[in-house]
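> need coordinates for the following:
(chains A, B, C and D)
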There are 2 protein chains.
Amino acid sequence: MYSKELLKGTLTAIILKLLAEHDRMYGYQIAQKVKKLSDNKILIKEGSLYPALHKLKEDGLVSIETVNIGKRIRRYYSLTPKGEIAKNDKISEIEDFLATIMKVLSFKPLIQFA
Amino acid sequence: MYSKELLKGTLTAIILKLLAEHDRMYGYQIAQKVKKLSDNKILIKEGSLYPALHKLKEDGLVSIETVNIGKRIRRYYSLTPKGEIAKNDKISEIEDFLATIMKVLSFKPLIQFA
DNA sequence: CAAAGATACATAGAATTACGATGTATTGCA
DNA sequence: TGCAATACATCGTAATTCTATGTATCTTTG
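Below you'll find the model as predicted:
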């Protein structure tokens, strides 16, 4: 729905934030959650999601538990302490950025019910 | 200051918005204006700005007046009617996107004095 | 019960966009 | 006089997401 460039830089923050709220989640579940939270406006593609998760693992921000569901595998991701810190940093950065961009574009406050 | 990825997709909108408010502006002036409005947080680089302006011209969203200031040239950009429409579209998209991302990240409303 | 759609993972290459580096030149100021 | 600021420009690089493709299982429905 949105020009895909707008999403750039937000994917990692979104994943970290969701993991911070859910103990553990698997990839497909994360994509569905974002879809629902955004009213179908943000559709994370598999080609973005899985490489992003692998990167988080590589950077030590998440740990993985692989679970067998019948004959299918499911990889659960959880935040590490390092990931928790990274999450806070990322969220702060985005919060600041959003405030700045709203100011530059002289937007009125957007009332949000979280 | 921000991870440069966050800025992606916003540059064109910022330029169009400023031009909509100023009749005409030149490149360097736009960069300074954004710097000031953002409290030095968004620093548009020349390598981004000039190609972006050329693209807008190519797409018929702006017109150019070249003016000689002493021995130096200055290119003033103005919104065309087509640019005015594009501006509205871009701004709406960003407004919607910001609301969505705030919802997904469950941010409280950011009070903004525009 | 077969087919279609949803679940669930993965990767490789393409597209987009901003930036860094570099270049040229004039103007203002300490 | 020399450095910073003004003012334009281009080229190649980096970063990130997407499209396309692949594999496989499970569930729902006509």
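
> what about the helices in chain A?
Defined through DSSP state H, the helices belonging to chain A, from first to last, are A:4-7, A:11-22, A:27-37, A:46-58, A:81-104.

> up against DNA strand D, what does chain A have?
With CB under 7 Å from any atom of the strand as the criterion, chain A comes near DNA strand D at residues A:4, A:7-12, A:43-49, A:51-52, A:69-72. Yep, even glycine has a C-beta here, placed from its N, CA and C like the rest.

> please report how far A:I85 lies from A:A20.
For A:I85, the distance to A:A20 under the criterion CB to CB, to the nearest Å works out to 11 Å.

> same check, this time on A:A99
Distance of A:A99 to A:A20, computed by CB to CB: 21 Å.

> returning to what we had before: Serialize the helices of chain A to JSON lines and add fields for distance to B:Q32, mean neighbour count and mean pLDDT.
JSON lines is the format used below for the helices of chain A (distance: least, CB to CB, whole Å; neighbours: other CB atoms under 10 Å in any protein chain shown; pLDDT from 0 to 100):
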{"stretch": "helix A:4-7", "distance to B:Q32": "24", "mean neighbour count": "16", "mean pLDDT": "92"}
{"stretch": "helix A:11-22", "distance to B:Q32": "30", "mean neighbour count": "20", "mean pLDDT": "98"}
{"stretch": "helix A:27-37", "distance to B:Q32": "37", "mean neighbour count": "16", "mean pLDDT": "98"}
{"stretch": "helix A:46-58", "distance to B:Q32": "35", "mean neighbour count": "14", "mean pLDDT": "98"}
{"stretch": "helix A:81-104", "distance to B:Q32": "13", "mean neighbour count": "17", "mean pLDDT": "97"}
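
> of all those helices, which one is nearest B:D89?
When the helices of chain A are ranked by proximity to B:D89, the top entry is helix A:4-7, at 13.0 Å, counting by CB to CB.
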